[in-house]
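Sequence isn't available, so here's the structure alone:
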(Lines give C-alpha, C1' and ligand atoms only; values in the text may rest on other atoms or scores of the structure.)
Protein backbone atom coordinates (compact mmCIF):
# COMPACT_ATOMS: atom_id res chain seq x y z
CA UNK A 1 0.00 0.00 0.00
CA UNK A 2 2.87 2.37 0.77
CA UNK A 3 4.30 1.68 -2.69
CA UNK A 4 0.94 2.45 -4.29
CA UNK A 5 0.75 5.77 -2.44
CA UNK A 6 4.23 6.61 -3.70
CA UNK A 7 3.27 5.59 -7.23
CA UNK A 8 0.26 7.92 -7.24
CA UNK A 9 2.16 10.69 -5.48
CA UNK A 10 1.40 11.73 -1.91
CA UNK A 11 -0.21 15.10 -2.86
CA UNK A 12 -2.50 13.39 -5.38
CA UNK A 13 -3.43 10.67 -2.89
CA UNK A 14 -4.20 13.19 -0.15
CA UNK A 15 -6.24 15.33 -2.56
CA UNK A 16 -8.30 12.34 -3.71
CA UNK A 17 -8.77 11.24 -0.09
CA UNK A 18 -10.02 14.68 0.94
CA UNK A 19 -12.41 15.04 -2.01
CA UNK A 20 -13.71 11.48 -1.66
CA UNK A 21 -14.28 11.96 2.08
CA UNK A 22 -16.25 15.18 1.53
CA UNK A 23 -18.25 13.78 -1.39
CA UNK A 24 -18.87 10.57 0.56
CA UNK A 25 -20.27 12.43 3.56
CA UNK A 26 -22.43 14.63 1.32
CA UNK A 27 -23.66 11.49 -0.45
CA UNK A 28 -24.53 9.93 2.91
CA UNK A 29 -26.62 13.05 3.55
CA UNK A 30 -28.42 12.47 0.23
CA UNK A 31 -29.02 8.91 1.41
CA UNK A 32 -30.52 10.11 4.70
CA UNK A 33 -32.52 12.88 3.04
CA UNK A 34 -34.10 10.58 0.43
CA UNK A 35 -34.77 8.01 3.17
CA UNK A 36 -36.55 10.70 5.19
CA UNK A 37 -38.68 11.71 2.22
CA UNK A 38 -39.65 8.08 1.58
CA UNK A 39 -40.73 7.88 5.23
CA UNK A 40 -42.56 11.24 5.08
CA UNK A 41 -39.99 13.02 7.28
CA UNK A 42 -37.99 16.20 6.70
CA UNK A 43 -34.57 14.68 7.21
CA UNK A 44 -31.30 16.14 8.55
CA UNK A 45 -29.53 19.31 7.36
CA UNK A 46 -26.69 18.91 4.83
CA UNK A 47 -23.95 19.24 7.47
CA UNK A 48 -25.30 16.50 9.76
CA UNK A 49 -22.91 13.72 8.53
CA UNK A 50 -19.95 16.05 9.12
CA UNK A 51 -21.24 16.91 12.61
CA UNK A 52 -21.74 13.21 13.43
CA UNK A 53 -18.19 12.40 12.27
CA UNK A 54 -16.63 15.20 14.33
CA UNK A 55 -18.71 14.19 17.36
CA UNK A 56 -17.45 10.60 17.14
CA UNK A 57 -13.86 11.85 16.93
CA UNK A 58 -14.39 13.49 20.32
CA UNK A 59 -15.80 10.38 21.97
CA UNK A 60 -13.73 8.04 24.14
CA UNK A 61 -12.33 4.96 22.41
CA UNK A 62 -13.22 1.87 24.44
CA UNK A 63 -11.18 -1.28 23.82
CA UNK A 64 -12.95 -4.49 24.95
CA UNK A 65 -11.23 -6.49 27.66
CA UNK A 66 -9.77 -9.66 26.24
CA UNK A 67 -9.72 -8.35 22.67
CA UNK A 68 -6.73 -8.50 20.32
CA UNK A 69 -5.97 -4.80 20.51
CA UNK A 70 -3.72 -4.52 17.45
CA UNK A 71 -6.28 -6.09 15.13
CA UNK A 72 -9.10 -4.17 16.78
CA UNK A 73 -7.43 -0.76 16.32
CA UNK A 74 -5.70 -1.35 12.98
CA UNK A 75 -8.84 -2.59 11.19
CA UNK A 76 -10.57 0.84 10.84
CA UNK A 77 -7.36 2.42 9.49
CA UNK A 78 -6.94 -0.48 7.06
CA UNK A 79 -10.48 0.06 5.77
CA UNK A 80 -9.87 3.78 5.26
CA UNK A 81 -6.58 3.28 3.43
CA UNK A 82 -8.07 0.57 1.20
CA UNK A 83 -11.00 2.67 0.01
CA UNK A 84 -8.74 5.72 -0.41
CA UNK A 85 -6.29 3.83 -2.63
CA UNK A 86 -9.18 2.37 -4.62
CA UNK A 87 -10.53 5.89 -5.15
CA UNK A 88 -7.10 7.14 -6.26
CA UNK A 89 -6.75 4.37 -8.86
CA UNK A 90 -10.34 4.77 -10.10
CA UNK A 91 -10.25 8.55 -10.39
CA UNK A 92 -6.94 8.42 -12.25
CA UNK A 93 -8.31 6.40 -15.17
CA UNK A 94 -12.07 6.89 -14.96
CA UNK A 95 -12.32 10.62 -14.26
CA UNK A 96 -9.00 12.25 -15.11
CA UNK A 97 -8.46 10.00 -18.13
CA UNK A 98 -4.85 9.15 -17.28
CA UNK A 99 -3.42 6.05 -18.91
CA UNK A 100 -3.59 3.11 -16.55
CA UNK A 101 -1.62 -0.11 -16.35
CA UNK A 102 -2.58 -3.62 -17.35
CA UNK A 103 -4.92 -4.94 -14.71
CA UNK A 104 -5.66 -1.67 -12.97
CA UNK A 105 -9.37 -2.50 -12.72
CA UNK A 106 -8.41 -5.74 -10.96
CA UNK A 107 -6.39 -3.68 -8.48
CA UNK A 108 -9.39 -1.40 -7.86
CA UNK A 109 -11.62 -4.42 -7.20
CA UNK A 110 -9.03 -5.82 -4.80
CA UNK A 111 -8.67 -2.53 -2.94
CA UNK A 112 -12.45 -2.11 -2.61
CA UNK A 113 -12.63 -5.52 -0.94
CA UNK A 114 -10.24 -4.45 1.82
CA UNK A 115 -12.86 -2.48 3.84
CA UNK A 116 -15.01 -5.61 4.12
CA UNK A 117 -11.97 -7.67 5.10
CA UNK A 118 -11.11 -5.00 7.69
CA UNK A 119 -14.60 -5.33 9.19
CA UNK A 120 -14.05 -9.07 9.54
CA UNK A 121 -10.64 -8.52 11.14
CA UNK A 122 -11.95 -5.93 13.57
CA UNK A 123 -15.04 -7.90 14.56
CA UNK A 124 -13.06 -11.12 15.01
CA UNK A 125 -10.58 -9.27 17.24
CA UNK A 126 -13.19 -8.09 19.76
CA UNK A 127 -13.99 -11.39 21.41
CA UNK A 128 -17.67 -10.44 21.39
CA UNK A 129 -20.02 -13.30 20.32
CA UNK A 130 -22.34 -10.93 18.45
CA UNK A 131 -19.42 -9.39 16.59
CA UNK A 132 -18.11 -12.87 15.73
CA UNK A 133 -21.47 -13.82 14.22
CA UNK A 134 -21.37 -10.57 12.26
CA UNK A 135 -17.85 -11.38 11.02
CA UNK A 136 -19.02 -14.82 9.91
CA UNK A 137 -21.92 -13.28 8.00
CA UNK A 138 -19.62 -10.67 6.43
CA UNK A 139 -17.35 -13.45 5.10
CA UNK A 140 -20.31 -15.25 3.56
CA UNK A 141 -21.59 -11.98 2.10
CA UNK A 142 -18.24 -11.34 0.37
CA UNK A 143 -18.28 -14.85 -1.10
CA UNK A 144 -21.86 -14.28 -2.28
CA UNK A 145 -21.67 -10.97 -4.14
CA UNK A 146 -18.11 -11.07 -5.52
CA UNK A 147 -18.85 -13.80 -8.11
CA UNK A 148 -21.67 -12.04 -10.02
CA UNK A 149 -19.92 -8.68 -9.59
CA UNK A 150 -16.71 -9.97 -11.18
CA UNK A 151 -18.68 -11.51 -14.07
CA UNK A 152 -20.41 -8.17 -14.70
CA UNK A 153 -17.05 -6.36 -14.73
CA UNK A 154 -15.70 -8.99 -17.12
CA UNK A 155 -18.67 -8.24 -19.40
CA UNK A 156 -17.59 -4.60 -19.69
CA UNK A 157 -13.96 -5.60 -20.17
CA UNK A 158 -14.91 -8.08 -22.89
CA UNK A 159 -17.04 -5.54 -24.78
CA UNK A 160 -14.33 -2.90 -24.67
CA UNK A 161 -11.45 -5.31 -25.34
CA UNK A 162 -9.63 -3.13 -22.84
CA UNK A 163 -7.37 -5.62 -21.11
CA UNK A 164 -8.59 -4.54 -17.63
CA UNK A 165 -7.50 -0.93 -18.21
CA UNK A 166 -9.98 1.63 -16.90
CA UNK A 167 -9.04 4.42 -19.31
CA UNK A 168 -9.52 2.07 -22.29
CA UNK A 169 -13.02 1.14 -21.10
CA UNK A 170 -13.90 4.84 -20.87
CA UNK A 171 -12.39 5.58 -24.31
CA UNK A 172 -14.32 2.72 -25.92
CA UNK A 173 -17.62 4.02 -24.58
CA UNK A 174 -16.79 7.56 -25.71
CA UNK A 175 -16.46 6.26 -29.26
CA UNK A 176 -19.18 3.58 -29.31
CA UNK A 177 -21.74 4.69 -26.73
CA UNK A 178 -22.18 3.84 -23.06
CA UNK A 179 -22.70 0.19 -22.14
CA UNK A 180 -25.94 1.05 -20.34
CA UNK A 181 -27.64 1.53 -23.72
CA UNK A 182 -27.11 -2.15 -24.63
CA UNK A 183 -29.10 -5.17 -23.43
CA UNK A 184 -26.05 -6.70 -21.74
CA UNK A 185 -25.34 -3.32 -20.13
CA UNK A 186 -28.83 -3.03 -18.65
CA UNK A 187 -28.70 -6.56 -17.24
CA UNK A 188 -25.16 -5.99 -15.95
CA UNK A 189 -26.17 -2.72 -14.29
CA UNK A 190 -29.07 -4.38 -12.46
CA UNK A 191 -26.74 -7.08 -11.13
CA UNK A 192 -24.03 -4.55 -10.25
CA UNK A 193 -26.35 -2.23 -8.30
CA UNK A 194 -27.48 -5.18 -6.15
CA UNK A 195 -23.89 -6.32 -5.64
CA UNK A 196 -22.96 -2.81 -4.54
CA UNK A 197 -25.86 -2.92 -2.10
CA UNK A 198 -24.18 -6.00 -0.65
CA UNK A 199 -20.72 -4.39 -0.63
CA UNK A 200 -22.11 -1.47 1.35
CA UNK A 201 -23.95 -3.77 3.76
CA UNK A 202 -27.27 -2.02 3.17
CA UNK A 203 -30.77 -3.49 3.40
CA UNK A 204 -31.70 -6.08 2.22
CA UNK A 205 -28.10 -7.30 2.63
CA UNK A 206 -27.25 -5.86 6.06
CA UNK A 207 -27.16 -9.22 7.86
CA UNK A 208 -23.60 -8.65 9.24
CA UNK A 209 -24.81 -5.63 11.25
CA UNK A 210 -28.49 -6.48 11.78
CA UNK A 211 -29.02 -4.12 14.71
CA UNK A 212 -32.27 -5.78 15.79
CA UNK A 213 -30.58 -9.20 15.94
CA UNK A 214 -26.88 -8.58 16.64
CA UNK A 215 -26.89 -5.08 18.19
CA UNK A 216 -24.68 -3.82 15.38
CA UNK A 217 -22.85 -7.06 14.64
CA UNK A 218 -19.40 -6.28 13.24
CA UNK A 219 -19.46 -2.79 14.80
CA UNK A 220 -20.87 -3.79 18.20
CA UNK A 221 -17.74 -2.98 20.24
CA UNK A 222 -16.54 0.04 18.28
CA UNK A 223 -16.72 3.59 19.59
CA UNK A 224 -14.92 6.90 19.30
CA UNK A 225 -12.28 7.39 16.61
CA UNK A 226 -12.26 3.77 15.31
CA UNK A 227 -16.03 3.88 14.80
CA UNK A 228 -15.69 7.28 13.11
CA UNK A 229 -13.14 5.81 10.67
CA UNK A 230 -15.41 2.88 9.85
CA UNK A 231 -18.35 5.24 9.28
CA UNK A 232 -16.19 7.47 7.05
CA UNK A 233 -14.95 4.44 5.11
CA UNK A 234 -18.54 3.35 4.46
CA UNK A 235 -19.51 6.83 3.27
CA UNK A 236 -16.48 6.90 0.98
CA UNK A 237 -17.32 3.42 -0.33
CA UNK A 238 -20.77 4.65 -1.35
CA UNK A 239 -19.12 7.46 -3.29
CA UNK A 240 -16.38 5.34 -4.88
CA UNK A 241 -18.67 2.49 -5.90
CA UNK A 242 -21.07 4.97 -7.49
CA UNK A 243 -18.19 6.42 -9.54
CA UNK A 244 -17.20 2.84 -10.43
CA UNK A 245 -20.69 2.26 -11.86
CA UNK A 246 -20.43 5.51 -13.81
CA UNK A 247 -17.11 4.40 -15.28
CA UNK A 248 -18.19 0.87 -16.18
CA UNK A 249 -21.69 1.55 -17.51
CA UNK A 250 -22.02 5.29 -18.24
CA UNK A 251 -18.70 6.02 -19.95
CA UNK A 252 -16.88 7.73 -17.11
CA UNK A 253 -17.22 11.25 -15.76
CA UNK A 254 -15.98 14.50 -17.27
CA UNK A 255 -16.11 17.91 -15.62
CA UNK A 256 -15.96 20.26 -18.59
CA UNK A 257 -18.82 22.50 -19.71
CA UNK A 258 -22.21 20.81 -20.03
CA UNK A 259 -20.61 17.44 -19.19
CA UNK A 260 -20.59 18.55 -15.54
CA UNK A 261 -24.38 18.26 -15.31
CA UNK A 262 -24.37 14.90 -17.09
CA UNK A 263 -21.67 13.60 -14.74
CA UNK A 264 -23.65 14.71 -11.68
CA UNK A 265 -26.69 12.88 -13.07
CA UNK A 266 -24.61 9.75 -13.65
CA UNK A 267 -23.60 9.94 -10.00
CA UNK A 268 -26.98 10.70 -8.45
CA UNK A 269 -29.06 8.09 -10.32
CA UNK A 270 -27.24 5.05 -8.82
CA UNK A 271 -27.21 6.71 -5.37
CA UNK A 272 -30.97 7.25 -5.43
CA UNK A 273 -31.53 3.68 -6.67
CA UNK A 274 -29.42 2.30 -3.80
CA UNK A 275 -31.41 4.37 -1.29
CA UNK A 276 -34.77 3.33 -2.73
CA UNK A 277 -33.81 -0.36 -2.67
CA UNK A 278 -32.72 0.05 0.96
CA UNK A 279 -36.03 1.59 1.95
CA UNK A 280 -38.42 -0.70 0.07
CA UNK A 281 -37.13 -4.17 0.95
CA UNK A 282 -36.95 -6.27 4.13
CA UNK A 283 -33.68 -7.73 5.40
CA UNK A 284 -32.82 -11.15 3.97
CA UNK A 285 -31.31 -13.99 5.98
CA UNK A 286 -27.71 -14.78 5.12
CA UNK A 287 -28.70 -18.09 3.48
CA UNK A 288 -31.26 -16.27 1.34
CA UNK A 289 -28.62 -13.72 0.36
CA UNK A 290 -26.20 -16.43 -0.79
CA UNK A 291 -28.91 -18.21 -2.77
CA UNK A 292 -29.88 -14.93 -4.46
CA UNK A 293 -26.33 -14.00 -5.47
CA UNK A 294 -25.15 -17.50 -6.44
CA UNK A 295 -28.45 -18.29 -8.15
CA UNK A 296 -30.48 -15.71 -10.13
CA UNK A 297 -27.92 -12.91 -10.05
CA UNK A 298 -25.04 -15.10 -11.19
CA UNK A 299 -27.24 -16.47 -13.99
CA UNK A 300 -28.15 -12.92 -15.04
CA UNK A 301 -24.47 -11.93 -15.00
CA UNK A 302 -23.60 -14.90 -17.22
CA UNK A 303 -26.43 -13.96 -19.59
CA UNK A 304 -25.00 -10.44 -19.80
CA UNK A 305 -21.56 -11.89 -20.58
CA UNK A 306 -23.06 -14.13 -23.27
CA UNK A 307 -24.95 -11.22 -24.84
CA UNK A 308 -21.73 -9.20 -24.86
CA UNK A 309 -20.20 -12.00 -26.94
CA UNK A 310 -22.74 -11.13 -29.67
CA UNK A 311 -22.25 -7.38 -29.13
CA UNK A 312 -25.77 -6.94 -27.74
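Right, received. Where do you want to start? Keep in mind that what you see is a predicted model, and the values were worked out from it rather than measured. Numbers count the residues shown, from 1 in each chain.

roughly how far out does the longest helix along the chain sit from the chain middle?
The single longest helix within the chain, with elements called by DSSP state H, is helix 129-160. Chain-centre distance of helix 129-160: 11 Å, with C-alpha atoms, centre = their mean, to the nearest Å.

again with stretch 118-129
Taking C-alpha atoms, centre = their mean, the mean C-alpha location of stretch 118-129 is offset from the chain mean by 20 Å.

do the same with stretch 193-202
For stretch 193-202, the distance to the chain centre is 7 Å (C-alpha atoms, centre = their mean).

Over to stretch 205-218?
Computed by C-alpha atoms, centre = their mean, the chain-centroid distance of stretch 205-218 equals 18 Å.

about what we covered before: report all helices and strands that the following helix or strand past the longest helix of the chain contacts.
As assigned by DSSP states H and E, the chain's next helix or strand after helix 129-160 is helix 166-176. Using 3 or more C-beta pairs under 8 Å, 6 or more residues apart in numbering; DSSP states H and E as the contact test, the elements touching helix 166-176 are helix 69-94, helix 104-111, helix 129-160, helix 224-249. The C-beta positions use only the backbone N, C-alpha and C, and glycine is treated the same way.

buried set for the second one?
Right, helix 104-111. 104-105, 107-109, 111 (16 or more other C-beta atoms under 10 Å).

What are the contacting residues of that helix?
The contact list for helix 104-111 (C-beta atoms under 8 Å, 6 or more residues apart in numbering) reads 82-83, 85-86, 89-90, 93, 149-150, 153, 157, 164-166, 169, 244.

do that again at 6 Å, thanks
With contacts defined as C-beta atoms under 6 Å, 6 or more residues apart in numbering, helix 104-111 is touched by 82, 85-86, 89-90, 164-166.

Show me how far the helix or strand where residue 115 lies is from its chain's centre.
Residue 115 belongs to helix 114-126 when assigned by DSSP H and E. In terms of C-alpha atoms, centre = their mean, the centre of helix 114-126 is set 16 Å apart from its chain centre.

what angle separates it from helix 69-94?
Relative orientation of helix 114-126 versus helix 69-94 (axes from the mean of the first three to the mean of the last three C-alpha atoms, to 10 degrees): 180 degrees.

Among the buried residues of helix 104-111, show me the least confident.
Note: of these, the lowest pLDDT belongs to residue 104, at 80.

Nearest spatial neighbour of that one, chain-adjacent residues omitted?
residue 166 (5.5 Å; C-beta to C-beta, 6 or more residues apart in numbering).

count of neighbours near the one you found?
30 (other C-beta atoms under 10 Å).

so what pLDDT did it get?
pLDDT, residue 166: 86.

what about the nearest residue to residue 125 once chain neighbours are set aside, how many neighbours?
Using C-beta to C-beta, 6+ apart and skipping residues adjacent in sequence, the residue nearest residue 125 is residue 71, 3.5 Å away. Residue 71: 16 surrounding residues under other C-beta under 10 Å.

Right, I'll leave it there.
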